[in-house]
Each structure stands twice: as C-alpha cells, then as structure tokens.
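Peer 1: generate a structure from the sequence data that follows.
(one chain, ligands or ions: 1)
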Amino acid sequence: MIVKSLKFRKTITAVCVLSLLALVILILKKDSTSFNDKITSYQRVAKREDSEDILHRDLVPEVKKEHVQKLKMEKEINKGDDTTKRELQEAKARIDQLEKKIAFLEGRIPQKYPEVTYLGYKERKRILVTGGAGFVGSHLVDVLMTQGHEVIVVDNFFTGRKRNVEHWFGHRNFEMIHHDIVNPLYVEADEIYHLASPASPPHYMQNPVKTIKTNTLGTINMLGLARRVGAKILIASTSEVYGDPMVHPQPETYWGHVNPIGPRACYDEGKRVAETLAYSYAKQENVSVRVARIFNTYGPRMHATDGRVVSNFIMQALQNLTITVYGNGKQTRSFCYVSDLVDGLLSLMASSYTLPVNIGNPVEHTIEEFAMIIKNLVPGCRSTVATGAAVEDDPQRRRPDIAVAEANLHWTPKVSLQDGLQRTIEYFREELSRTTFYNNQTYMDIKVKPNN
Ligand SMILES: O=c1ccn([C@@H]2O[C@H](COP(=O)(O)OP(=O)(O)O[C@H]3OC[C@@H](O)[C@H](O)[C@H]3O)[C@@H](O)[C@H]2O)c(=O)[nH]1
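Peer 2: Predicted coordinates:
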C-alpha cells in the first residue's frame, strides 16, 4: 500500500514537472515568434526610407515606438541563438540610423514662423509670385511675407521645390497653388511677379518647346490676369536677350545678338517675346508693366544639380572632383547675389520706371578665374581645374551696365562676390551632408578630358 502510494506520488511529480517544462517551451516559442515579427517589421521600415515625406508621415511615430522597445530587445539579444543575435544587431543598427534621420527631419520642421510685420488692410497687398518655389522666387516670397503681405505662390515644380517655401506652410498670409501657368489662372492679386521659367541652360534646353510655351503662353496668361484684375506685373526677363553681345558692357538700349535657331533660342527668344508681349499689353490694354533683365544670379537654394556654373563649381570643389570649365575659360560673367537681385526686383516694382532695367552685379570675371576663386574659398580643396569642349552659342562676354537701375531705382548691389560665395558654399556643404547622409553617394562624378 505504502509502496503503491509512493509510486503514485512520483508519477504525479513527474507529470507536474513535464507540464511545467511544456509551458516554459510554449512561452519561449511564442516570444521568439513575436521577436521574428519585430525583425521583419524593422526590415520593412528600413526599405521604406526612399521618400522624406513618407518618413515624416509614417516612419517617425513607428520608429519612435520601436525605440521604446529597444531596451527590451537588448535583453533578448543575450537569450537568442547566433542568427537571431545577428539579425537583432542589424535591426538595432537600422533603428539607430532611422533615429538619426528623425532627429535631422525634426530639425527642419519650423517651430514657429519667421517674424512677420503686421500690415493694416490698406497697406497689405495680395501678391502673386509665379515660380515662387524656385531659387529666386522663394527668396522674394520670404521678403514679401516678412513685410506682411499676402502671398500666393504658383509653381508647377518643374525646377521649383516645396522645400524652398515649407517654412511658410500653414501661415495665414501664405497660399500655394500647384499649377502650370501655360494654363489660365483665376486668382485676385494687386501685384504679380512673373518669374516662372526654367533658368539654367541645361534645364531650359531639356524641353525647349515647353520653355517657349512657358515664356509665351504663360506670359500671355499672366498679362491677361493682370489686365482682368488690374494688377501691376513685373516680368522676369534675362541678360540672355542680349545673346552673345557685340556691345560691352550691355546697356538696356542694346538690341542684342541672338541666334534665333540655336540651342539657347527657346529661352532667349522666349524671353524676348515675353518682353514684346509685356509692352503690347501695356500699350493696347493699359496694363502696368515692369521688366527686369536679370543677369547671372547665385546663392542658397540653387539646386545642387542645377547645372549652372556656380552650383557645378562649388559642388565639385566640395567633393574634390574636377572643376569643369567649358571651352577655354576666357568667357566672362558677372555674378549677383540673390538678396541683391530681390532688392532690385522690389525697387523696380515700387518705382514708376516702366522700361526694361538690367539687374546684376557689374564685377566681371573670366570663368577660369571664377573656378580658382571658388577653389580657393573651399578650405583644403584638392580639385584640379580642367577645360573641356565649348558650349554651342555660349555668350563670350557679359556684364551689366546698371546706370538705369542706379538712377531710377537708386539700387546698387551690396554683397561682395567673396561674401556671397562663402554663404553659398556653406549652403551646398549642408546640402551635400544631407544628401550623402541619405543616399551615401556623391551628386555628380563629372569627368572632363583636358583639351591640351
Ligand atoms: O560646369 C560648368 C557650367 C558652366 N560653365 C560656363 O560658365 C558660364 C556661365 O554658365 P551658366 O550656365 O551658369 O549661365 P549662363 O550665363 O550661360 O546662362 C545664364 O544667364 C543668365 C540667366 O538669365 C540664366 O540663369 C542663365 O541662362 C558659361 O560660359 C558656361 O559655359 C562652365 O564652364 N562649367
């Protein structure tokens, strides 16, 4: 009897121990399944980082949640087998990377808007800026907004970027319309700055028909709008209306020397027609027009792959790549810092002067000299300067005569080339770190064969 009872007890104990073991195995298995799920979800998160917007919208909360679980996972690393450990370490590395991105993106979300002057309804204007998300347009928008005006930005984002004006998103004086001005636009405005058009030669040559349409049909639409609503309109023309000039420096009275069928014609002739349209609307329809002939301009918010000389040379110098001079480098340009240009545009709009006005900085350099100036402004730059094939119809000399602007607008550029380039180099340095951070690749790797 006693033996039987002892045997029964042993059996019960054995059953209990086995059940306990089974329970422990079950719990461990469940943990490892949810653990594998986590890794799969991290891998999914990592794959979805191709867009900053998606990162903002979806990944930020997701990754924040993951961060809270990171400590738990660290404990689990010690428990898991080798494969799991490796996978976990990879997931942890991805989380660290995503956390850095979040910190970077959070830095870009404006905590508050830039300070804006309050204007009463009598002084406050409603101002339309076409191409307002572009390089020059966005700087103009900043000044108009801080002055306290209501600003409507219209852009088709062909070369403009939302990033350039995102610091105004949600402001009650700011409105943005995604629209291509080749189609009519119906809004109310007191003033129109018509800046919409690609301006970099590789951009405007990429789709020449579109460039002509933007500068002709687009300008007709904007002049028509100005007529309908009684707005004053400023047309952004260009030094390119002078073509490859036979007169130097170029005064507004010079009629120019443009090849009407060359690769630059879509822009040069497009802008010439835009000027003709402006003065036709002024004469026939009584529209109040201003025409700014804008010379080479540079500054922050130029696109790193814009293709113009300033962005190309700076990006090349910052990455120790070959600085690519097109042709022999003896052609000249005169570079104006963007804030000076914006001051000139505002003065022109405010003035009663209605004929075309050159807006540019008359300090002239050869492109060869310019390459050396930039190289010397980038500390430790190891780039070499190489000359290459010349660009077809490239204007050989360009420098504005700004006597008209000085006399009628009391405007003259203030920012020296040295200061302006330093600010622009800082901007591109920042852009480069942002881009390599995301893509781990350089912007360009242009190789130019020396021509001698
Ligand atoms: O990498 C480069 C880029 C450009 N260049 C040269 O640098 C000079 C300036 O070229 P950019 O492309 O910056 O600008 P461009 O002067 O040819 O045209 C500009 O003129 C005035 C504005 O209206 C426009 O922004 C644009 O059309 C040209 O001689 C060009 O051949 C280089 O040597 N290397």
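Peer 1: and whichever residue of the stretch 51-200 of the chain sits closest to the ligand, helix, strand or coil?
Peer 2: The nearest approach of the stretch 51-200 of the chain to the ligand comes at Ala199, 4.0 Å away (CB to the nearest ligand atom). Heads up, the C-betas are built off the backbone N, CA and C, glycines and all. With DSSP: H, G, I helix; E, B strand; the rest coil as the basis, Ala199 sits in coil.
Peer 1: quick one: contacts of stretch 382-395?
Peer 2: 201, 240, 242-245, 259, 262-264, 316-317, 320-329, 331, 368, 371-372, 375, 448-452 (CB atoms under 8 Å, 6 or more residues apart in numbering).
Peer 1: now swap in stretch 173-182 and tell me
Peer 2: By CB under 8 Å, 6+ apart, stretch 173-182 touches 116, 130, 132-133, 145, 148-157, 162, 165, 168-169, 185, 187, 194, 196, 210, 213-214, 217-218, 221-222.
Peer 1: now swap in stretch 122-131 and tell me
Peer 2: 137, 140-141, 144, 148-155, 160, 181, 187-197, 218, 222, 225, 231, 236.
Peer 1: again, 6 Å this time
Peer 2: Stretch 122-131 has contacts (CB atoms under 6 Å, 6 or more residues apart in numbering) with 137, 140-141, 144, 149-154, 181, 189-196.
Peer 1: stretch 205-225 too?
Peer 2: Residues contacting stretch 205-225 (CB under 6 Å, 6+ apart): 181-182, 184, 192, 194, 196-197, 204, 263, 266-267, 270-271, 273-274, 277, 281, 287.
Peer 1: any of those residues buried? List them.
Peer 2: 181-182, 192, 194, 196-197, 204, 263, 266-267, 270-271, 273-274, 277, 281, 287 (16 or more other CB atoms under 10 Å).
Peer 1: sitting in helices, which of those residues do you find?
Peer 2: 204, 266-267, 270-271, 273-274, 277, 281 (DSSP state H).
Peer 1: can you list the weak-confidence ranges in the chain?
Peer 2: Applying pLDDT under 70 to the chain flags the ranges 1-68, 71, 73-80, 107-111, 435-452.
Peer 1: using ChimeraX, define a selection of the buried residues within the contacts of stretch 122-131.
Peer 2: Only the buried members of the contacts of stretch 122-131 end up in this ChimeraX selection, burial being decided by 16+ other CB under 10 Å:
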select :137,140,141,144,149,150,151,152,153,154,181,189,191,192,193,194,195,196
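Peer 1: Gly218 - nearest residue in space that isn't next to it in sequence?
Peer 2: Ile181 (4.0 Å; CB to CB, 6 or more residues apart in numbering).
Peer 1: just Val325 next, same as before
Peer 2: Counting by CB to CB, 6+ apart, the residue nearest Val325 is Thr387, at 4.7 Å.
Peer 1: same question for Glu240.
Peer 2: In space, Glu240 is closest to Asp268, 4.5 Å off (CB to CB, 6+ apart).
Peer 1: now do that neighbour against Leu348, distance only.
Peer 2: 21 Å (CB to CB, to the nearest Å).
Peer 1: looking at those two, which is more packed in?
Peer 2: Using other CB atoms under 10 Å, the more surrounded residue of Asp268 and Leu348 is Asp268, with 26 against 22.
Peer 1: pretty sure the more buried one sits against Val258.
Peer 2: Yes - between Asp268 and Val258 there is a contact at 4.7 Å, judged by CB atoms under 6 Å.
Peer 1: figure out how far the helix or strand containing Lys85 is from the centre of its chain.
Peer 2: In this assignment (DSSP states H and E), Lys85 forms part of helix 82-108. Mean-position distance between helix 82-108 and its chain equals 28 Å (CA atoms, centre = their mean, to the nearest Å).
Peer 1: show me which of the ones in helices among the buried ones among the contacts of stretch 205-225 is closest to Phe428.
Peer 2: Tyr204 (21.9 Å; CB to CB).
Peer 1: give the contact list for the closest one.
Peer 2: Tyr204 touches 198, 211, 267, counting by CB under 6 Å, 6+ apart.
Peer 1: which residues of the stretch 151-300 of the chain lie near the ligand?
Peer 2: Residues of the stretch 151-300 of the chain lying close to the ligand (CB under 6 Å from any ligand atom) are 199, 201, 238-240, 294, 296.
Peer 1: what are the ranges of the helices in this protein?
Peer 2: Under DSSP H, the chain gives helices at 2-47, 52-54, 60-79, 82-108, 135-146, 201-206, 208-229, 265-285, 309-318, 338-350, 367-377, 403-409, 417-439.
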